[in-house]
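[1] sequence and predicted structure below; questions after.
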Amino acid sequence: MWMEESRGTRINAERARQALATGADAVAVGCPFCLTMLGDGLAGDPTNQAGVTTLDLAEILAPVAVPGPSVRRSGRELPVLQ
């Protein structure tokens with residue numbers, strides 16, 4: 001996660017390039033390190049004109065698993081657990 005590449009393409013830039021090549025609207029991940037790595041890579045990629053972002057699987061499943069009111073934080077809609 002915190003290791004810096006000393007030569008070649010940075011891994012987050014390469015993974016972002018691969019994700020953008022799929023034409024996806026978003027990238028789903030199940031790992032907090034991958035969320036950070038891909039999020040940084042996508043945010044720093046000049047070809048990401050569509051604004052492709054990363055989402056944790058929990059963010060995708062929560063609205064279906066927990067019906068009811070939700071709240072928006074940091075541009076993301078999160079369910080309110082009661």
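    Yep, that arrived. Numbering: from 1, shown residues only.
[2] got phi/psi on Ala13?
    Backbone torsions for Ala13, taken as degrees, to the nearest 10, come to phi -70, psi -40.
[3] looks like it contacts Leu42 (just checking).
    No: using C-beta atoms under 8 Å as the test, Ala13 is too far from Leu42 to be in contact (9.7 Å). Heads up, the C-betas are built off the backbone N, CA and C, glycines and all.
[4] more neighbours: which of those two?
    Neighbour tally, Ala13 and Leu42, criterion other C-beta atoms under 10 Å: the higher count belongs to Leu42, 23 against 17.
[5] and the more buried one, how close does it get to Leu61?
    Between Leu42 and Leu61 the computed distance is 21 Å (C-beta to C-beta, to the nearest Å).
[6] same check on Leu20?
    Distance from Leu20 to Leu61, by C-beta to C-beta: 24 Å.
[7] between the two, which is the more surrounded one?
    More crowded of Leu20 and Leu61, by other C-beta under 10 Å: Leu20, with 18 against 11.
[8] tell me the secondary structure for that one?
    Following DSSP: H, G, I helix; E, B strand; the rest coil, Leu20 is assigned to helix.
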